[in-house]
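*Asks:* Build me a structure from this.
(one chain, ligands or ions: 2)
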Amino acid sequence: METMKAVVFKGKDRIAVEEVPKPTPRASEAVIRITTTTICGTDVHIVRGEYPVKPGLILGHEPVGIIEALGPGLEEFYSIGQRVIVGAITPCGQCFYCLNGVHSQCGGGTGGWRFGNTINGAWAEYLVVPDARANLAPIPDALSDDEVMLCPDIFSTGLSGAESGNIRVGDAVAVFAQGPIGLCATVGAKLKGASLIIGVDSNAGRLAVARRLGANVALNPKDGDPVSEIKRLTDGRGVDVAIEALGRQETFESALRAIRPGGTLSSLGVYSGKLVAPYEAFYAGLGDQKIVTTLCPGGKERMRRLMTMVEHRRVDLTSLVTHRFALDDIEEAFDVFSHQRDGVLKVALYPDAARVPRARREVGVGAIDEQC
Ligand SMILES: [Zn+2]
Ligand SMILES: [Zn+2]
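*Replies:* Ligands and ions are numbered 1, 2, ... in the order given. Here you go, the predicted model:
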């Protein structure tokens, strides 16, 4: 039996590079050879045991690769050797939820998220892509792996915060937390036509990146209450849309306090425990506010659209990829990413280690003083 290298979840705080069987595609599936992938904050939650997945699962949900094998009947639509990305969310396109337009909830609550959650993921040499016709998105020839590697999850998710917030031209927007997803939400607010974009984070390095990517104002909670400053900047009203990109009670609450009556809180964070909406920030339930949540939109058409934004130079997210590692060096990569060392934003992982010198690194965005 042919085998491949993969990073396997072994239980709380334990991952390991192992040799596992190389997969073959069944009907409707494709197998891609992973050329580039990355680590997401959600993977950190999984490894720390804060989000349950089965031990033995291959993690990772941000695949860039080359078609290696196609299930029966798919040759008509794709060819071996084609470069593709696949969204972190892989909708089937057939079920109740997909046909009602909520693809990320494919099959039931958060069901569209399968890679590294309910099926084997992208931290491997090869990946089985389910419902391949709905999910394999060819990469335009002009684009490199690095230019598209944030499309499967981070860019799609961050941008969706701006889209779900229904930002209109001239809106004032605050984005709480400027990690990779918050930064992409800042980019999204700019693309959607916000006039005033306020980035909030306690990390000065990340605030500097936010300014570069479109924030007019950068607020550090260490320097004072961001909500009162946001009110001051918006004639006492609050912003039209606040995007929450961290998943904590404090940022959720600040985002709620920061929106004007009739405004929208667009939430992207992954929460745990109990989430509380204080009654006065909620105008006792009479404030005409909207609270919306979004799970990363996936599927090949979403991926095509995001890649055209990169291709036509509406966005350039390559500066968010700050570190590079061979997949074999996953432990070191995970340590750097999960502890936010060296100004890390996103790390690129290369399963084909021979192509990349071991743990090649680049300069990060600046010193990290604490986790935001
Ligand atoms: Zn993710
Ligand atoms: Zn579905």
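
*Asks:* Tell me how many other residues crowd Asp145.
*Replies:* Around Asp145 sit 18 other residues, with neighbours defined as other CB atoms under 10 Å. For glycine as for every other residue, the C-beta is placed from the backbone atoms N, C-alpha and C.

*Asks:* how near is Asp240 to Ala189?
*Replies:* Distance, Asp240 to Ala189, using CB to CB, to the nearest Å: 10 Å.

*Asks:* So between the two, which is more surrounded?
*Replies:* Ala189 (32 against 23).

*Asks:* Apart from its neighbours in sequence, what residue is nearest that one?
*Replies:* Computed as CB to CB, 6 or more residues apart in numbering, the closest residue to Ala189 that is not its neighbour in sequence is Val173, at 4.4 Å.

*Asks:* show me the contacts for that neighbour.
*Replies:* If a contact means CB atoms under 8 Å, 6 or more residues apart in numbering, then Val173 has 162, 165, 167, 189, 194, 196-198, 239-243 as its contacts.

*Asks:* my read is it is in a helix, agree?
*Replies:* No. Secondary structure of Val173 (DSSP: H, G, I helix; E, B strand; the rest coil): strand, not part of a helix.

*Asks:* Ser254 sits in which helix or strand?
*Replies:* helix 249-258 (DSSP states H and E).

*Asks:* With just CA atoms, put whichever helix or strand comes after that helix into PDB.
*Replies:* Next helix or strand after helix 249-258 toward the C-terminus (DSSP H and E): strand 259-267. Provided in PDB are the C-alpha atoms of strand 259-267 (Å, rounded to 0.1, in the frame of the first residue of the first chain):
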ATOM      1  CA  ILE A 259     -22.600  50.300  17.200                       C
ATOM      2  CA  ARG A 260     -25.200  53.000  16.900                       C
ATOM      3  CA  PRO A 261     -29.000  52.300  17.400                       C
ATOM      4  CA  GLY A 262     -30.000  50.400  14.200                       C
ATOM      5  CA  GLY A 263     -26.400  49.300  13.600                       C
ATOM      6  CA  THR A 264     -25.100  45.900  13.000                       C
ATOM      7  CA  LEU A 265     -22.700  43.700  14.900                       C
ATOM      8  CA  SER A 266     -21.200  41.200  12.500                       C
ATOM      9  CA  SER A 267     -19.600  38.400  14.500                       C
END
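
*Asks:* what pairs with strand 259-267, and is each one parallel or antiparallel?
*Replies:* With DSSP bridges as the test, strand 259-267 is paired with strand 239-244 (parallel), strand 290-293 (parallel).

*Asks:* residues of stretch 325-341 that come out buried?
*Replies:* 325-330, 332-334, 336-338, 340 (16 or more other CB atoms under 10 Å).

*Asks:* which residues touch the closest residue to ligand 1 within the stretch 1-150 of the chain?
*Replies:* Nearest residue of the stretch 1-150 of the chain to ligand 1, counting by CB to the ion: Cys40, 3.0 Å away. Residues near Cys40 by CB under 8 Å, 6+ apart: 61-62, 88, 153-154.

*Asks:* Give me the distance from the helix holding Ser254 to the chain's centre.
*Replies:* Distance of helix 249-258 from its chain centroid, counting by CA atoms, centre = their mean, to the nearest Å, is 21 Å.

*Asks:* Name the residues that touch it?
*Replies:* With CB under 8 Å, 6+ apart, helix 249-258 has contacts from 174, 176-177, 200, 226-227, 230-231, 238-239, 242-245, 265, 267, 269, 271, 273, 275-278, 281-282, 289, 291.

*Asks:* now those: which count as buried?
*Replies:* If we count by 16+ other CB under 10 Å, the contacts of helix 249-258 have these buried: 174, 176-177, 200, 226-227, 230-231, 238-239, 242-245, 265, 267, 269, 281, 289.

*Asks:* possible to save the buried residues of stretch 325-341 as TSV with secondary structure?
*Replies:* Compiled in TSV, the buried residues of stretch 325-341 are given as follows (three-state DSSP):
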residue	secondary structure
Phe325	strand
Ala326	strand
Leu327	helix
Asp328	helix
Asp329	helix
Ile330	helix
Glu332	helix
Ala333	helix
Phe334	helix
Val336	helix
Phe337	helix
Ser338	helix
Gln340	coil
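
*Asks:* mind listing the strands for the stretch 201-350 of the chain?
*Replies:* Using DSSP state E, counting those that start in this stretch, the strands of the stretch 201-350 of the chain run over 217-219, 239-244, 259-267, 290-293, 321-326, 346-350.

*Asks:* for the ones you listed, which one sits closest to ligand 1?
*Replies:* strand 346-350 (10.6 Å).

*Asks:* Around the residue lying closest to Gly273 once chain neighbours are set aside, how many other residues sit close by?
*Replies:* Excluding the flanking residues, the one nearest Gly273 by CB to CB, 6+ apart is Gln249, at 7.8 Å. For Gln249, the count of nearby residues is 13 (other CB under 10 Å).

*Asks:* What of Met309?
*Replies:* 17.
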